[in-house]
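S.K.: Predicted model, plus sequence, below.
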Amino acid sequence: MYRYDEFDHRFVAERTAEFRDQVKRRLAGSLSEDEFKPLRLMNGLYLQLHAYMLRVAIPYGTLGSRQMRMLAHIAETYDRGYGHFTTRQNIQFNWPKLKDVPAILDDLASVEMHAIQTSGNCIRNVTSDPLSGVDPLEIEDPRITAELLRQWSSLHPEFTFLGRKFKIAVTGSATDRAAIAVHDIGLAIVRNEAGEQGYRVLVGGGQGRSPFIAKELRAFLSREELLPYLTAALRVYNLHGRRDNKYKARIKILVHELGIEGFAAQVEAEYARLDADAVRHPEEEWDRIAAYFAIPDLAPRGDADASFERALKLDPGFADWVARNSHAHKITGYRAATVSLKPVGGIPGDATAEQMRVLADIAEQYSADEMRITHEQNIVLPHVGLGDLHKVYRALSGIGLDAPNRGLVTDIIACPGLDYCALATARSIPVAQRISERFGDTQRQKDIGPLSIKISGCINACGHHHVGHIGILGIDKAGVESYQLTLGGEPADQPAVGERTGPGFSYEELPDAIETVIDTYIAHREGPDETFLQAYRRLGMGPFKEALYDAA
Amino acid sequence: MPKAFIPVVFTANDLVEGDTVYLGAEGWIRDIAGAHVAATKDEAEILRAAAEEGVSANLVIGPYDVAVTLDSGSPVPVKRRERIKASGQTTMPVGLAAQAAAEEIRARAA
């Protein structure tokens, strides 16, 4: 894991001291709310429906046990005993008091964490693959690139006040688990025909009220070109992106309006003009960062383990969990395990302080002290020995986090929605809970197979509904919640924006409507091996529309 | 015919604590039951001015009016969003309910 050097420490300490002073001045009345708001936002502090909300950065979703324990401490000491892990691989605290925020930031700094650039029109937390450094098919750990970008973009003098927020995601594997096609810039680590390693660069993806799948800006970019080239791309956006209309200010609109060829031509022209040597990262800095992401020293293990095999036979719940929630590992005798934060009927992404502490203990004992937050609002234990998997599973059962549902119908992404968010127009969490209860039976989930449901409580699409196999968008229709369904969205495998089924459904009708969609899939699939997405792509909207609207 | 005026109360968030507050007869309070209800447009303007004073006095942030109906004299917000805000409750059990949930989890772990 990356560790702060003296510059990182000083930077965060200075920033915390600065914010402490700003809070003091705000409380004394010498800063008005209008003056204070941009300052607090640059430090991750929002005002939501009920209270302030503090969004803490978890760089590329990676954190260690001492950091998780500190999050638990903050939840208990300054909040209401829980936190919410987000689709940006961050954590949000929903109830901090303004007077306590400087102390919270001090606590975070003591474990090398902060809330800088988790809001504002700047480059946000760079997200990445939760199986970084684990996936046997990975070309390179994408967190090295993500950390380089974090350092480059932190307090970047030119890109701190962009036209709008800017999100970058990096993947190092052929299987994209970072949804790079729905980011402002998506980077895929690739090898070219000559065998050289570099990046495929995507640009202009995003969700919100105008969803776009990113387009290819460069098929291949060498590593040493990365920072100069991104500087050129950001510069073109910063100069030409709209600032007159918040809803047209993201880079996706600029790319859409110029066309990818037009946008790329401007980036190449800027790239040819700028002083690349002044921006390029020093090779020794790359090496310094890369060393932090070397695979931890894992004790050698055999490729089979008798106790593991026995537990698989004796504990069917464990067998389900291993089949669904564990992943192949680069090192023989190890697996990565997804801890589902989606217990049946639970709140997607929420964890209590108690659960965080137990997770920290499990990670310390069984996963080389490391955890990853996934953009699907789950937690990965990246390095678990085969012989320890059952112990991990039992420990997770004790805190209610043993659901064997990764990638299944109850592994729902949901934004906070009307229950917390000042922007929301409809409830999101209770919708997720009701759907989760409806389909909670493990066997039924297995029968349905891989299927993602993603729920947003407003058009801003924080719940990624555009790329859900079934997407749900809650809107306010003359004072009543109405939920529109989209089908066929997908963030990674041939990325696509979902298509609307037709008129929306009421809060009460919604679980039945979802069941109708799923029953229609089951009735029409060619066999259990044809997934919902495959079936939808083969069948199109027709049968689903008919089942949803014609029967009535 | 002009549209009938819907009664309003004024809400904001407490500057220091962030909590939801309502403008009552004695200042800013936590419980909507004690909120001052403006029954006419003119009364609403007077309340709005009083709410803005809360901003300049550094007590609250972001005041705005909330349409309400009266249930045995107590104001109840018309919109679901404001009913959720007034309840102070979200989907996660908080306070004593959270403690009970945590104890249940601990009991399962034991």
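M.R.: Sure thing, it's come through. The structure presented is a predicted model; accordingly, all values stated were derived computationally and were not measured.

S.K.: Pick out the residue in the stretch 351-500 of chain A sitting closest to chain B.
M.R.: residue A:398 (3.6 Å; C-beta to the nearest C-beta). C-betas here are computed from N, CA, C, even on glycine.

S.K.: Could you report the pLDDT at that residue?
M.R.: Looking at residue A:398, its pLDDT is 95.

S.K.: how near is it to residue A:366?
M.R.: Using C-beta to C-beta, to the nearest Å, residue A:398 is found at 14 Å from residue A:366.

S.K.: picking up where we left off before, and the residue of the stretch 351-500 of chain A closest to chain B, how close does it get to residue A:284?
M.R.: 46 Å.

S.K.: between those two, which one's more packed in?
M.R.: Neighbours were counted for residue A:398 and for residue A:284 using other C-beta atoms under 10 Å in any protein chain shown; residue A:398 has more, 17 against 8.

S.K.: doesn't residue A:358 make contact with the more buried one?
M.R.: Yes: using C-beta atoms under 8 Å, residue A:398 is in contact with residue A:358, at 7.1 Å.

S.K.: and the stretch 251-400 of chain A, which residues reach chain B?
M.R.: A:347, A:350, A:352, A:354, A:355, A:358, A:397, A:398, A:399, A:400 (C-beta under 8 Å from any C-beta of the partner chain).

S.K.: Save those as TSV, and put in secondary structure too.
M.R.: Formatted as TSV, those follow (DSSP: H, G, I helix; E, B strand; the rest coil):
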residue	secondary structure
A:347	coil
A:350	strand
A:352	strand
A:354	helix
A:355	helix
A:358	helix
A:397	helix
A:398	helix
A:399	coil
A:400	coil
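
S.K.: can you pick the most crowded of these?
M.R.: residue A:355 (25 neighbours).

S.K.: what are the phi and psi values for the residue nearest to that one when sequence neighbours are not counted?
M.R.: Leaving aside its sequence neighbours, residue A:355 sits nearest to residue A:399 (C-beta to C-beta, 6 or more residues apart in numbering or on different chains; 4.7 Å). For residue A:399, the backbone dihedrals are phi -110, psi 20 (criterion: degrees, to the nearest 10).

S.K.: Please tell me I have it right and residue A:399 contacts residue A:358.
M.R.: Yes: judged on C-beta under 8 Å, residue A:399 makes contact with residue A:358 at a distance of 4.8 Å.

S.K.: list the contacts for the residue positioned nearest the centre of chain B?
M.R.: For chain B, residue B:86 is the residue whose C-alpha lies nearest the centre (C-alpha atoms, centre = their mean; 4.2 Å). By C-beta atoms under 8 Å, 6 or more residues apart in numbering or on different chains, residue B:86 lies in contact with B:11, B:20, B:22, B:32, B:76, B:77.

S.K.: Next, format these as TSV and append pLDDT, secondary structure and neighbour count.
M.R.: Below are these laid out as TSV (pLDDT from 0 to 100; DSSP: H, G, I helix; E, B strand; the rest coil; neighbours: other C-beta atoms under 10 Å in any protein chain shown):
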residue	pLDDT	secondary structure	neighbour count
B:11	98	strand	23
B:20	95	strand	21
B:22	98	strand	23
B:32	95	helix	25
B:76	95	strand	15
B:77	96	strand	20
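
S.K.: Mind picking the two most distant members of those residues?
M.R.: Greatest spatial distance among those (C-beta to C-beta): B:20 and B:76, at 14.8 Å.

S.K.: On the pLDDT front, check residue A:479 for me.
M.R.: For residue A:479, the pLDDT comes out at 89.

S.K.: cool, and residue B:3?
M.R.: pLDDT at residue B:3 comes out at 78.

S.K.: strands paired with the strand ranked longest in chain B, and their directions?
M.R.: Counting residues, the longest strand found in chain B (DSSP state E) is strand B:60-71. Looking at strand B:60-71 with DSSP bridges, its partner strands are strand B:8-14 (antiparallel), strand B:74-77 (antiparallel).

S.K.: winner for burial among the ones you listed?
M.R.: Most buried of those by mean neighbour count (mean count of other C-beta atoms under 10 Å in any protein chain shown) is strand B:8-14; its value is a mean of 23.

S.K.: Show me the contact partners of that strand.
M.R.: Against strand B:8-14 from outside (C-beta under 8 Å, 6+ apart): A:47, A:51-52, B:19-23, B:28, B:32, B:35-38, B:44, B:47-48, B:50-51, B:54-55, B:59-68, B:75, B:82, B:85-86.

S.K.: Many thanks, we can stop here.
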